[in-house]
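Student: Okay, predicted coordinates and the sequence, questions at the end:
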Amino acid sequence: MRAKLILCVILAFGFQVITTPTALNADDEATTPAQNINELQDAIERGAEYLRALAEEDDEGWFYPPRRSMNRRRVGERTVEVRYRRETVERPVYEYNNVEVYRNVKVGDSIDAVTVRQKVTERRRGRQIGTRQEERMVRDPEGSVVRQETRPIWEHDVEAPDEWRAGQFGQNAMAAYSMIRAGIDPSDSVVITVLDNLTTLYESFGLPDWTWDLAWSAVALSMSHDNRHRDMAKKLTGKLLDGQIASGPAAGFWGPTSINTELLAALWLRREQLGEQLINARARFEERGRRSDEEEAERAQNAVGEILAEMQKVTMTAHLPMRGVGRVRLNSDMAPSIDVAMPADHIFNQQSADLESTAAALLALAIAGKQELVPMETERPLDKSGRLAARPFTPPVRAGNVLSAAMQNVSRAQNPNGMWAEGNIIQPVTAFRDAKSAPGVTPQTRAPRFPDIENPATFTATSQGAAALQSIGTLGGPGAMAQVQQRIGFAGEIALPWLRELQKAEYGANIGGRMPPFEAFSHIAGFLPAVEKETANALREEISSYLLAEQTGDGSWRARGNTDFVPTSYRARMEVMPGLPRNARARRDFDYSQPHVPVDKEDGHFARIFRMHRHVTPTAYALISLAEIAEQLQN
């Protein structure tokens, strides 16, 4: 009965079903399913080397660098003192074998060269046969080993700072994590440079507001041996806990924007009160010239500065004015200014949610949780305005409550046929209703009425739902896993015939997600331990054979079709909501209280803000998938 139901699910969504299985050509190694771990390890190593080459080509070591001004130039170097500690670790020892494989080889002169398949002998890593001790240097501010290292000095055009696209921090973090999963040590120069860069950015400008950036940055930094990185990872997971939506239809989910609106609203209102006190105190001082009025103005000025510093911990961008289309400029005394994409939501009166953001947040919490880098409860600034003892502006969020809400609502969102919809939701935010300076909000403004947005059930969404439950089970322990395992297993049964029946050429056409099929593959690979053994083995074979066949000669994987970094909820909103006009800030007549998106697909700046890297992101997804499968096979 269940097999019939699964097949009906596939047919119901209009996918092409192959009634006669396609026979595999025994001589075509490119499409033959992986038979042993060696092929996977080879693909993983080649993919990691591709990412390494990209980072080494960039002056600052990014896999996917920002859009830089043409006037930016390197003007010198500076020497910094870096401390390390010695650490002894156990390293695996593998046996190596010579194996014959087929490769694409160019034959002939450069003009008349043709590519042919030739059998070549390569040395491949095999099974682990033991361990050996290895001493490594780990960065530690208190370490006893001191090294002098050089850093470049850049001259930046203050009027044209680096531009960062939506999700670009996260794409760099994801690539770094994929290299770690591929077996590269977190202390490797390429990996640690990216982790350093991300940490410096967040120390300078605050934690990112896009859930994708938060989640993947937390994942990558939590794998580091460097305490500075690990401390930052814990701050990122704290903001993720705070970013879970607490009420309304989207309760228990995350959206593309991770901002605690209740906390930001409380700080916003306090800033307005202090601002009024400051203005009044200055007016009295100008009128009467009393020292007491001047001191009151100074106290109010200092208090405003403290509140602004707390607001920067809650949001990187939402408290700042838009500069240009969909962008915000960030300034800091610690680093040159940068432009970043504004949040996906006008969080003063509206917020969105979707399953892909929820799956990313829970994955980050699960991975960082293994490293004990998820706080039990979030930090809160104290409100000292009352006559009684100082108290938190809002109650802290407890990790256990976040996990419980996520389990309840993600489980409830699974359809009776075992699939999940994308979870696209848009709902009002009312926390700022008493604010006087929040754009689009006044005490008289009614909450906007939102149109219905599309919320289809897709293959990728189903993989995200099951992966979210897998992360919850990992975080919550055996008891939590027991509660979700059956639901995950049902998703695995759906995934198998889907992969078998879809023609390879059709991958990405109808399965949903931002980066099909790579995104879905990484989710499936992660929840395979909760799937029945025979089904899990078949899924590993399907995924690995596809990825091995699709890897290009330079070791990368390439995206198919659209490569815009657009969350499903944002894409659904664009279909029925207007975008901000290009001159909205100058005109000051755009009605921010109406449902809208920061930038719509018709705007010429859309690709400039939302474009993903066509090679980095799918390569990172593929490496994570293959490394997960290889680890499962070895165990």
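Tutor: Right, received. Where do you want to start? Numbering: from 1, shown residues only.
Student: Lowest mean pLDDT among the helices and strands of the chain, which one is it?
Tutor: Every helix and strand of the chain was ranked by mean pLDDT, DSSP states H and E. The lowest is helix 2-12, at a mean of 36.
Student: Next, work out how far apart residue 531 and residue 631 are.
Tutor: 15 Å (CB to CB, to the nearest Å). Using the backbone N, CA and C atoms, a C-beta is placed for each residue, glycine as well.
Student: Who has more neighbours out of those two?
Tutor: Each of residue 531 and residue 631 has its neighbours counted (other CB atoms under 10 Å); residue 531 has more, 25 against 13.
Student: which stretches of this structure form strands?
Tutor: 73-107, 114-139, 145-155, 162-164, 327-330, 338-341, 350-353, 382-383, 391-392, 425-428 (DSSP state E).
Student: Give me the helices and strands touching the last one, please.
Tutor: Under the contact definition 3 or more CB pairs under 8 Å, 6 or more residues apart in numbering; DSSP states H and E, strand 425-428 sits against strand 350-353, helix 568-574.
Student: next one: that strand to chain centre, how far?
Tutor: Centre-to-centre, strand 425-428 and its host chain are 21 Å apart (CA atoms, centre = their mean, to the nearest Å).
Student: Could you do stretch 49-64 as well?
Tutor: With CA atoms, centre = their mean as the basis, stretch 49-64 stands 19 Å off its chain's centre.
Student: give me the low-pLDDT residue ranges for the stretch 251-400 of the chain?
Tutor: Counting by pLDDT under 70, the stretch 251-400 of the chain has low-confidence residues at 321-325, 386-388.
Student: Alpha carbons only: can I get stretch 222-232 in CSV?
Tutor: Taking C-alpha atoms only, stretch 222-232 is exported to CSV below (Å, rounded to 0.1, in the frame of the first residue of the first chain):
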residue,chain,number,x,y,z
SER,A,222,32.2,25.6,15.4
MET,A,223,34.6,23.1,13.8
SER,A,224,37.7,25.3,14.4
HIS,A,225,40.3,24.7,17.1
ASP,A,226,40.7,28.4,17.6
ASN,A,227,38.9,29.8,20.7
ARG,A,228,38.2,33.1,19.0
HIS,A,229,36.3,31.3,16.3
ARG,A,230,34.5,29.0,18.7
ASP,A,231,33.4,32.0,20.8
MET,A,232,32.0,33.6,17.7
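Student: Report the buried residues of it.
Tutor: 222, 223, 224, 225, 226, 228, 229, 230, 232 (16 or more other CB atoms under 10 Å).
Student: got a list of what the second one touches?
Tutor: Read that as residue 223. By CB atoms under 8 Å, 6 or more residues apart in numbering, residue 223 lies in contact with 177, 180, 186, 367, 371.
Student: what residues are up against the last one?
Tutor: By that I understand residue 371. 222, 223, 230, 233.
Student: next one: the first one
Tutor: Residue 177 makes contact with 216, 219, 220, 223, 620, 624, according to CB under 8 Å, 6+ apart.
Student: 7 Å - rerun?
Tutor: Neighbour list for residue 177: 216, 219, 220, 223 [criterion: CB atoms under 7 Å, 6 or more residues apart in numbering].
Student: same thing with the fourth one?
Tutor: Neighbour list for residue 367: 219, 222 [criterion: CB under 7 Å, 6+ apart].
Student: if we can go back for a sec, tabulate the buried residues of stretch 222-232 in a markdown table, adding columns for pLDDT.
Tutor: As requested, these are exported to a markdown table (pLDDT from 0 to 100):
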| residue | pLDDT |
| --- | --- |
| 222 | 98 |
| 223 | 97 |
| 224 | 96 |
| 225 | 92 |
| 226 | 92 |
| 228 | 95 |
| 229 | 97 |
| 230 | 97 |
| 232 | 98 |
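Student: List the ones among these that fall in helices.
Tutor: 222, 228, 229, 230, 232 (DSSP state H).
Student: And the nearest residue to the last one once chain neighbours are set aside, how close does it get to residue 338?
Tutor: If I follow you right, that is residue 232. Excluding its sequence neighbours, the residue lying closest to residue 232 (CB to CB, 6 or more residues apart in numbering) is residue 199, at 4.9 Å. Here residue 199 is placed at a distance of 15 Å from residue 338 (CB to CB).
Student: likewise residue 441?
Tutor: Counting by CB to CB, the gap from residue 441 to residue 338 is 28 Å.
Student: Give me the more crowded residue out of the two.
Tutor: Between residue 441 and residue 338, counting by other CB under 10 Å, residue 441 is the more crowded of the two (24 against 20).
Student: show me what contacts the more buried one?
Tutor: 348, 349, 432, 433, 435, 593.
Student: which one of the contacts of residue 371 is nearest residue 465?
Tutor: Using CB to CB, residue 222 comes nearest to residue 465 of the contacts of residue 371, at 23.6 Å.
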